[in-house]
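K.L.:
I'd like to go over a predicted model; first the sequence, then the structure.
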Number of protein chains: 2
Amino acid sequence: MAKENFVEQIADIETDFPRWYTDVVIKTKLVDYGPVKGTMVIRPYGYAIWENIQAELDKRFKATGHENAYFPLLIPMSFMTKEAEHVEGFAPEVAVVTHAGGEELSEPLAVRPTSETIIGHMYSKWVQSYRDLPVLMNQWCNVMRWEKTTRPFLRTSEFLWQEGHTVHATEEEAEEETQRMLGVYKDFAENCMAMPVICGLKTEKERFAGAVATYGMEAMMKDGKSLQAGTSHYLGQNFAKAFDIKFLDADGTQKYGYTTSWGVSTRLIGALIMTHGDARGLVLPPVLAPVQVVIIPIAYNKKPDVMTRCRELKDSLAARGIRVKLDDSDNSTGWKLNEWEMNGVPCRVELGPRDLESGKAVIFRRDTCTKDSYDLDGLEETIDGLMKTIQADMYTAAKKRMDERIIEADDLDGLLKGVDEGNFVRAGWCGDRACEDEVKDKCVATARIIDENHTAKTCVACGKAAKHTIFFARAY
Amino acid sequence: MAKENFVEQIADIETDFPRWYTDVVIKTKLVDYGPVKGTMVIRPYGYAIWENIQAELDKRFKATGHENAYFPLLIPMSFMTKEAEHVEGFAPEVAVVTHAGGEELSEPLAVRPTSETIIGHMYSKWVQSYRDLPVLMNQWCNVMRWEKTTRPFLRTSEFLWQEGHTVHATEEEAEEETQRMLGVYKDFAENCMAMPVICGLKTEKERFAGAVATYGMEAMMKDGKSLQAGTSHYLGQNFAKAFDIKFLDADGTQKYGYTTSWGVSTRLIGALIMTHGDARGLVLPPVLAPVQVVIIPIAYNKKPDVMTRCRELKDSLAARGIRVKLDDSDNSTGWKLNEWEMNGVPCRVELGPRDLESGKAVIFRRDTCTKDSYDLDGLEETIDGLMKTIQADMYTAAKKRMDERIIEADDLDGLLKGVDEGNFVRAGWCGDRACEDEVKDKCVATARIIDENHTAKTCVACGKAAKHTIFFARAY
């Protein structure tokens, strides 16, 4: 039975953003809930986005000299405790294998929440001389962090990610690597996700457990909240000392290496949805959209030429490397239009008998929800160009939205009002943890990034001289 | 300090094949042992082979209409017990998470040994109507089976694999799918791995736990043992009934679906090594080799032109899409030749001052260990052609080796002698489990594949009339 024209019920984006999000991810079949609480199943449409994310990132990792590898899922619990801050941060979230092969294990094993420890252990075996450095590796894998409150893509017990782990001979090289990978993430966010980001150092409170310095990439979601979209950590010699990663330097002395780690996860899919989505559902940027162009044949039963022309168009677009789909199902046209809009396909081509006669086709742009008529002749080039235009325009629009919602505040009242209204708030901070905590208590906002462009005079909490200017926001 | 010319100690392939294998995988840095017994770390050189395997297979899965998805790692133990044979087969090997987030879980969770159960559970939610069928999904992931005896790539507690899971409206379609995917594996084995295989039905004893029929792909390793390189299972309605995968058919009645599953794993890397490797180490087929061509500059310190020409050649080969490496390290030439031979790079180009003068370059083929001189002019085309020749010749050589070592036997003495000498033995079988067990007891050989070309007259064990002809072999 063909599906009739109906509007999928998605909650109102303006009044109930959290429900809108859940409705969108479930109804567009990006994801479903797994049987174990807090787990998700990434369905083909969601996984196809992840594959595109992986391809774009992997290309960049390899271009910067990194190689992929795979380290074991299970980590001896004793490894976790070797770096004091690390275990404090991760132990409460760890899932533990205690039995295997019908027996109780002599040592319980952690399901990796992140792999600094087990990779550190292996690096200590592999690194002997300065000639073995730098070590530049990455792995694509699943990790597990037992969370109390979960939401698909944003926070789940298990998620997919990549984690880069490097060792360097000097502090300078390791810091450079940390910055380089933050730059790779920024480039990816802006140019592939069409998502503007704010990058920079995190405060000590927000630092990765075991790091000397954590750099973050934050993005503004449509509700004005911030989402940490990626992090790059300079680990100093903390893990090198805990795991004995030592090398014989050119000067004949034994030295500890300097390590880094950096990661992004399937959380990026959540970021993509909440950066661009609208009342009708998903809006996907062409670079990452599983389907870039959908062709809808109109009234094709009456005129077989229509379907023939649609098929030709599909083939010629596919030949150009465009991810194209022809919806020749027997669903009603209204249902199809609605469905593909909800699914966020960047560009929809409608082709009917009248278009064919006039040598035109109607193209609907999902990002602007506008329709235009274009010559059928050369339509492939038009669409090629449109892909680039849509990608660029989506970034520009998102950047404008973010810029308009970055405000300044001098005191906690101003900060509270600012975040209440869905803004990022730039404000001064004296550097004391107590003031950072006060902001969190009174405004439910956290220090997202230290703004390099430090202009604030006084601390937003205590009024004393500001050491830093901070981007404060409510966060996912 | 530059490494001097020395021969890495690899055990003799003729007299100690198991040690040869371990030496090769460790010394070529394909893999290392993980800290937890039975686990492996796949190092960049090994992982690069896996990435090439993934790319070739994934292309074929998508071309046959499959989509990738991702299902959770942790499976409620109650799911495992829903299909009686399945739990019997897998329960003894399962690793179990009993604690997470600092608390004991109300239900223990299995780390997936395979995903029929959790995927069956999700499919029962997603499949409602015949219009939802077929469901054609695949996932790339890690799985865990707690094994007593382990060897890198061949049998490890954790390994990487792909598992396809499909649902169909009819028995015929599901059986067709089972065969189609076996065909995909065969095509991949022959054309990418240059590895001849024997494909067909497995006996009941060798069947996947819960399947109606298991089809396998077996390959002959250089020691004459068989390696199960891939399997494709027709699951009938076993899992559909256990997990309630039902659909409303076009005729208005509720029916159970028919499911299949199929998988290959990082075990294929072990198969690759043992199919082609030789006394000097790895021999990799061009399609899967991480480095297809290595360029060795000779005496380049005396003549800078040499390095310039080597760099040009590297760039022009890379531009053609060839995976090329220029070894400009300060290691000795002898060390380099040895190292890249051990690493199995299909094609080595040596270029020195004298070559440059005569407008020639020396090319060493790893598969035949032969050297030839070629014109520098047009060397790129020569190498392009050589890649195809080497790929084809490696298959032909392996096929010849296998064909010469398939013999026939009429009785257990003959079978024993056959497998002792490293052959696959074609022999009759009456169909009784007792006779299959007797072969295993007396000859340490198992029924690998039922030969479709049934010609044997009598059972190799009991002498009664043969129902089937079987390929018997010792197996990994």
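P.N.:
Received, thanks. Numbering: from 1, shown residues only, chains lettered A, B, ... in the order given.

K.L.:
Could I get the full set of strands for the stretch 351-476 of chain A?
P.N.:
Using DSSP state E, counting those that start in this stretch, the strands assigned to the stretch 351-476 of chain A run over residues A:360-365, A:370-375, A:406-408, A:424-429, A:446-451, A:468-473.

K.L.:
and what of the stretch 1-150 of chain A?
P.N.:
Listed in chain order (using DSSP E, counting those that start in this stretch), the strands of the stretch 1-150 of chain A are A:31-33, A:40-42, A:67-68, A:74-76, A:95-100, A:103-111, A:135-144.

K.L.:
can you give me the angle the longest helix anywhere in chain A makes with strand A:370-375?
P.N.:
Looking across chain A with DSSP state H, the single longest helix is helix A:379-404. Here the directions of helix A:379-404 and strand A:370-375 differ by 160 degrees (axes from the mean of the first three to the mean of the last three C-alpha atoms, to 10 degrees).

K.L.:
how about the helices in the stretch 101-250 of chain A?
P.N.:
When secondary structure is read from DSSP state H, counting those that start in this stretch, the stretch 101-250 of chain A shows helices at A:116-126, A:171-191, A:238-243.

K.L.:
among the ones you listed, which is nearest residue B:90?
P.N.:
Evaluated over these, closeness to residue B:90 peaks at helix A:116-126, with 25.7 Å, by C-beta to C-beta. Heads up, the C-betas are built off the backbone N, CA and C, glycines and all.

K.L.:
Need the contact partners of the closest one.
P.N.:
With contacts defined as C-beta atoms under 8 Å, 6 or more residues apart in numbering or on different chains, helix A:116-126 is touched by A:71-72, A:75, A:79-80, A:82-83, A:86, A:112, A:132, A:135, A:137, A:165, A:167, A:210, A:235, A:239-240, A:242-246, A:257, A:259, A:261, B:32, B:34-35, B:41.

K.L.:
export it as PDB, just CAs?
P.N.:
What follows is the C-alpha trace of helix A:116-126 in PDB, where atoms were taken according to Å, rounded to 0.1, in the frame of the first residue of the first chain:
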ATOM      1  CA  GLU A 116      45.700   6.500  26.400                       C
ATOM      2  CA  THR A 117      46.700   3.700  28.900                       C
ATOM      3  CA  ILE A 118      46.800   0.700  26.600                       C
ATOM      4  CA  ILE A 119      48.300   2.600  23.800                       C
ATOM      5  CA  GLY A 120      50.900   4.100  26.200                       C
ATOM      6  CA  HIS A 121      51.700   0.500  27.300                       C
ATOM      7  CA  MET A 122      52.400  -0.500  23.600                       C
ATOM      8  CA  TYR A 123      54.300   2.700  22.800                       C
ATOM      9  CA  SER A 124      56.700   1.900  25.600                       C
ATOM     10  CA  LYS A 125      57.600  -1.300  23.800                       C
ATOM     11  CA  TRP A 126      57.900   0.300  20.400                       C
END
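
K.L.:
buried sites along it?
P.N.:
A:116-124 (16 or more other C-beta atoms under 10 Å in any protein chain shown).

K.L.:
Turn these into TSV, columns for pLDDT.
P.N.:
As requested, the buried residues of helix A:116-126 are arranged in TSV below (pLDDT from 0 to 100):
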residue	pLDDT
A:116	97
A:117	97
A:118	98
A:119	98
A:120	98
A:121	98
A:122	98
A:123	98
A:124	98
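
K.L.:
just curious, which of the residues you listed is nearest to residue A:434?
P.N.:
Nearest to residue A:434 among the buried residues of helix A:116-126, counting by C-beta to C-beta, is residue A:116 at 29.7 Å.

K.L.:
Check whether the lowest-mean-pLDDT helix or strand in chain A comes near chain B.
P.N.:
Scoring the helices and strands of chain A by mean pLDDT, DSSP states H and E places helix A:84-90 at the bottom, with a mean of 88. No: contact check for helix A:84-90 against chain B, using C-beta under 8 Å from any C-beta of the partner chain: none in range, with a minimum separation of 11.3 Å.

K.L.:
I would like the residues contacting that helix, please.
P.N.:
Surrounding helix A:84-90, the residues in contact under the criterion C-beta under 8 Å, 6+ apart are A:80-81, A:113-114, A:116-117, A:145, A:208-210, A:238-239, A:242.
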